[in-house]
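**Student:** have a look at this prediction, sequence included:
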Amino acid sequence: MTSLPTNPDALSVLDRPNSYIGKTVPRPNLDRLLQGRGLYVSDIELPRMAHVAFLRSPHAHAAITGIDTAAAKRMPGVFTVVTGRELAAVITPWVGVLSHLKGLKSAPQSAIAIDRVCWQGEATAAIVATSRAAAEDAAEHVAVEYEELEAVTDMSTALDPSTPVIHGSLGDNLAFERNHTAGAVDLAFAESDEVVEAEFIFGRHTGVTLEPRAVVADWNAAEARLTIYQGTQAPHMVQNIAALHLGLKESQVRVVCKDVGGSFGIKVHIYADEMATYALSKLLRRPIKFVADRVESFNTDIHARDHRCKGKIGVKRDGTITAFEIDDLTGIGPYSMYPRTSAIEANQVVNLVGGPYVTRNYRARARVVFQNKNVMCQYRAVGHPIACSVTEGLVDLAAMKIGMDPVEIRRRNLIADDAYPCASPAGLRFEQLSHHASLAKLLGMMDYDALRAEQAALRRKSIHRGIGLASFIEVTNPSAAFYGVGGARISSQDGVAVRLDAQGSVICQTSITEQGQGSESLTAQIVGSVLGVSMDRVRVILGDTDNTPYGGGTWASRGAGIGGEAALQAAKVLRKNILDVAAAILQSTPGELDIVKDNVVNVSDGAARIELNELARIVYFRPDTLPPGIQPELIATRHFVPREYPFAFTNGVQASWLEVDTDTGFVKLLKHWVVEDCGTIINPQLVDEQIRGGVVQGLGAALFEKCIYDERGQLINANMADYLVPMSGEMPDIDVGHVVSPTLETELGAKGAGEAGTAGAAAAVANAVNDALGPFGARITEIPLTPRVILKALGRI
Amino acid sequence: MTALVPLSLDVNDERVDAYVLPRLNLADFLREHLKLTGTHVGCEHGVCGACTVRINGEIVRSCLMLAVQTQNASVETIEGLSDGGEIADLQAAFRARNALQCGFCTPGMLMAAQDLLKQSSVPGREQIREHLSGNYCRCTGYQAIVDAVEATAQARVGRVP
């Protein structure tokens, strides 16, 4: 590990003798999942629970002219069938806009469509029955009359005057537009030796969480309280939104989130069918369970990407990049998603293009348009794969144009490691990045020169291998700048409460959530380290709005950096409180005492003075023996939110080594390398596995994953057999290295790591494919890189 | 729909007698009737592998099989394999290597991995990757899983990984 200098004078609470920080320790509670004894929402059953199945529109755009539910209501096991109009009596519609995304507009969306459906898969009726199977049987007997309307499917013509406007009240199909200019772009292009342009095309894809979205809503009419069991990344956000639209106070809504079978951003939103399930529980006064089936997942889980981005780069013959320009277009479906909106991805693309590089000249336009397709919104690495693929694709095209090695052009243009703090042309502030150290480390790991030699040797045997590089920056630890400033009640702060129980064990309640990243582990590692308590004595409680402090949850690579810092600060206070009591018991002073390995010890000689178990016994059961005036507080709560920097940027670089079969168009991934800098590493194994998992999701987008719609807005591959995701046989081993530049905004110094892998993987693969195809003069700027795309570029089909 | 039919089988070495609808698939029978929720349902059409169980010693996708087809069969689920200790070393290797994140694919993945380890004493990484290709994992990127299976294979033949 390469460590950039941090503040050497800081007395770190993390550098304690039995610190878990920086150590690979197994996640607590994994046995539960390894033995199949987790509790996912799809496993939950409650007394009197009914199941809901949604009848969904077969049309992309149609008026509903009639619904007849009488026959379905007579079917065995059916409690009732509820239409959109009926459900509207208990839940209000919503509009997915935020005030800081100026001009963003959307139309009111209902939990169940009332008089019009706007995408294939939008719910038109809810069938509530004793089982999902009975509900599905009855769904076949709900008669919905549709009058099909023209579907707007092609985003490139969505703004044409001849294209129908999806929501007449909005005037046009433009949801959002952002323009940004920095520096002297036209002059820079004019003074460039070469200007290269390309259009980059990104397929629509989706998250394919292995456990589909699932919710059990339980309205207790006597308590006037709704308990929502949901696999969500943001329980307090769900609490707020459910209360808002059901006419309840937040105190009337409890959100419980146990195990979650994959999220990746899919489960950070609130979907219409989830809202409908909450409302049905209130309407029918019983627990209602909704678990999406896989076809529903493909048709209703948010989709992502689906961008066409024109890019332009200017370069001098010495390799100096003079300017970037982009014109991005993305289609988001018929509604801006709620409550985070669907303009964030395009906004991020504008923010991030050119981000790793020195040039100050940058012009960008991004337009977000409505379509009659499934809704699109934030999925892992929001906007980053687009921005990174465009930027890194342009850099490689520029290098090719001037005959420069892709490494060399990056060396000459990446922001210098000693140039920080500084800001990007889009106005993003960077505290400390390490592009050059990262690149140098990557080249060493992959043995770049040897790989180039091997590539050349194999090319003589007509084996076409390619090397692709992609530098990237990554938004992590978002402050209120992400959502709060736009009026969304999505907290950017997190809280942790830590307490010592009566046997000297520690219970932490944290507002961050766990979907497998290791939130429990990192919280226990931090608290154990700061307190001087062994990790097996630390129990972490999360995912329950009744039993955790208020906070944002786990998304946008924020859990470790924000929730981790809150845990650190809370543990510091508890440690002080424990030492105050210990000093009173031991007739010492807090300064003379420390806690090491579950014992209060002397600082001077390390001798154990009192076990925490014994200290807790005295505090809880024999407080009469404490000196007068001592009131122990063996619980402490602290919250944290970044205030100095709106985002803690991380950086890194990825490389792909692959082989293209020029006869079949198949790509074989041989190896992938990543060097990234997420600051302080709490658990190296967990960070590496976040990187690897993120890379593979990016590789899926690069090679396989695409939601294919026909011209009438029908999703034609809405199942796992036809929508391809990476399988183990196709994935390469991924080597991960680190450079460590801690953020000085926190004592912990951690930035996020959950999305870095996804940010740059596709860019590295696309550049590697183009590198492999160099001798054929083929240039591809489209993903997924399917055999068809590759063979077309080669002129073979 | 037709009437309930009687069904008798062994599940995790316990005798089970039940009445089920002919259309009920084995995954739903295990989860909803026997409350063995360790068998997960990811795609319901035999692609993702999350519902993998063992029937008479062979791994099977329980979403593709009807419950009534298991008459007199011996069905083993992740709960049974865990309690019997058969895969304790494999589970320990998964834990040590963090070869699971959300854990939803894990029961099926362990079933498939144990099946490979019974067939082939020291499979290579390519062979492991190939054998597990019918089990989707969206979290890990697979490498940690391959590492854990490889380490278990080597430990079982007495090699220190």
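**Tutor:** That came through fine.
**Student:** what's the local residue count around the residue of chain B found nearest chain A?
**Tutor:** Residue of chain B nearest chain A, by CB to the nearest CB: B:Gly38 (1.8 Å). C-beta coordinates here come from the backbone N, C-alpha and C atoms, glycine included. Neighbours of B:Gly38 under the rule other CB atoms under 10 Å in any protein chain shown: 25.
**Student:** relative to A:His384, how far out is the residue nearest to it when sequence neighbours are not counted?
**Tutor:** Using CB to CB, 6 or more residues apart in numbering or on different chains and skipping residues adjacent in sequence, the residue nearest B:Gly38 is A:Gly36, 1.8 Å away. Counting by CB to CB, to the nearest Å, the gap between A:Gly36 and A:His384 amounts to 35 Å.
**Student:** between those two, who's got more neighbours?
**Tutor:** Using other CB under 10 Å, the more surrounded residue of A:Gly36 and A:His384 is A:His384, with 27 against 24.
**Student:** hmm, that one is touching A:Leu352, no?
**Tutor:** Yes. The pair A:His384 / A:Leu352 is scored as a contact, 6.1 Å apart, by CB atoms under 8 Å.
**Student:** what residues are shared contacts of these two?
**Tutor:** Counting by CB atoms under 8 Å, 6 or more residues apart in numbering or on different chains, the residues touching both A:His384 and A:Leu352 are A:Val475.
**Student:** just the pLDDT at A:Asp9, thanks.
**Tutor:** In this model, A:Asp9 is scored at 41, pLDDT.
**Student:** sorry, wrong one. I was asking about B:Arg159.
**Tutor:** In this prediction, B:Arg159 carries a pLDDT score of 74.
**Student:** the residue nearest to it when sequence neighbours are not counted: what's it in contact with?
**Tutor:** Leaving aside its chain neighbours, B:Arg159 sits nearest to B:Val122 (7.7 Å; criterion: CB to CB, 6+ apart). B:Val122 makes contact with B:Ala153, B:Gln154, B:Val157, B:Arg159, according to CB under 8 Å, 6+ apart.
**Student:** now, of these, which are buried?
**Tutor:** Among those, those buried by neighbour count (16 or more other CB atoms under 10 Å in any protein chain shown) are B:Ala153.
**Student:** I'd say A:Ser505 and A:Ser534 touch.
**Tutor:** No. Counting by CB under 8 Å, A:Ser505 does not reach A:Ser534; the two are 9.7 Å apart.
**Student:** neighbour count winner among the two?
**Tutor:** Applying other CB under 10 Å to A:Ser505 and A:Ser534 shows that A:Ser505 carries more neighbours, namely 18 against 15.
**Student:** list the residues that contact the more buried one.
**Tutor:** A:Arg537, A:Val538, A:Arg539.
**Student:** ok, A:Leu87 to chain B distance?
**Tutor:** Using CB to the nearest CB, to the nearest Å, A:Leu87 is found at 27 Å from chain B.
**Student:** tell me the contacts of that residue?
**Tutor:** A:Ser110, A:Ala111, A:Ile112, A:Ala126, A:Ala276, A:Ala279, A:Leu280, A:Leu283.
**Student:** near the third one, how many other residues are there?
**Tutor:** Using other CB under 10 Å, A:Ile112 is surrounded by 26 other residues.
**Student:** doesn't it fall inside a helix?
**Tutor:** No. Secondary structure of A:Ile112 (DSSP: H, G, I helix; E, B strand; the rest coil): coil, not part of a helix.
**Student:** do you know how far it is from A:Pro334?
**Tutor:** 15 Å.
**Student:** could I get the contacting residues of the closest residue to A:Met376 other than its chain neighbours?
**Tutor:** Closest residue to A:Met376 apart from its sequence neighbours, by CB to CB, 6+ apart: A:Ile332 at 4.3 Å. Shown in contact with A:Ile332 (CB under 8 Å, 6+ apart): A:Ala175, A:Asp306, A:Ser342, A:Ala343, A:Val368, A:Val369, A:Phe370, A:Gln371, A:Val375, A:Met376, A:Cys377.
**Student:** what does A:Glu197 give?
**Tutor:** Contact analysis of A:Glu197 by CB under 8 Å, 6+ apart lists A:Lys310, A:Gly311, A:Lys312.
**Student:** PyMOL command to pick out the buried ones of those residues?
**Tutor:** Selecting only the buried entries of these in PyMOL, with 16+ other CB under 10 Å as the criterion:
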select buried, chain A and resi 311+312
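**Student:** wait, which of the contacts of A:Glu197 is closest to chain B?
**Tutor:** Nearest to chain B among the contacts of A:Glu197, with distances taken as CB to the nearest CB, is A:Gly311, at 28.6 Å.
**Student:** element containing that closest one, please.
**Tutor:** Assigned by DSSP states H and E, A:Gly311 falls within strand A:303-315.
**Student:** got the CA coordinates for that strand in CSV?
**Tutor:** Output in CSV follows, covering the C-alpha atoms of strand A:303-315 (Å, rounded to 0.1, in the frame of the first residue of the first chain):
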residue,chain,number,x,y,z
HIS,A,303,-33.4,0.9,-15.5
ALA,A,304,-30.2,2.9,-15.8
ARG,A,305,-27.9,4.5,-18.3
ASP,A,306,-29.5,4.6,-21.8
HIS,A,307,-27.5,7.6,-23.0
ARG,A,308,-26.3,8.8,-26.3
CYS,A,309,-23.5,11.2,-25.8
LYS,A,310,-21.7,13.1,-28.5
GLY,A,311,-18.1,13.9,-27.4
LYS,A,312,-15.3,16.0,-28.7
ILE,A,313,-11.7,16.4,-27.5
GLY,A,314,-9.0,18.7,-28.6
VAL,A,315,-5.3,17.7,-28.4
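**Student:** which residues does the spatially closest residue to A:Lys258 that is not a sequence neighbour contact?
**Tutor:** The shortest distance from A:Lys258 to any non-neighbouring residue, by CB to CB, 6+ apart, is to A:Leu39 (4.2 Å). By CB under 8 Å, 6+ apart, the residues touching A:Leu39 are A:Lys258, A:Asp259, B:Thr37.
**Student:** buried residues in stretch A:722-729?
**Tutor:** Buried, per 16+ other CB under 10 Å, within stretch A:722-729: A:Tyr723, A:Leu724, A:Val725, A:Pro726, A:Met727, A:Ser728.
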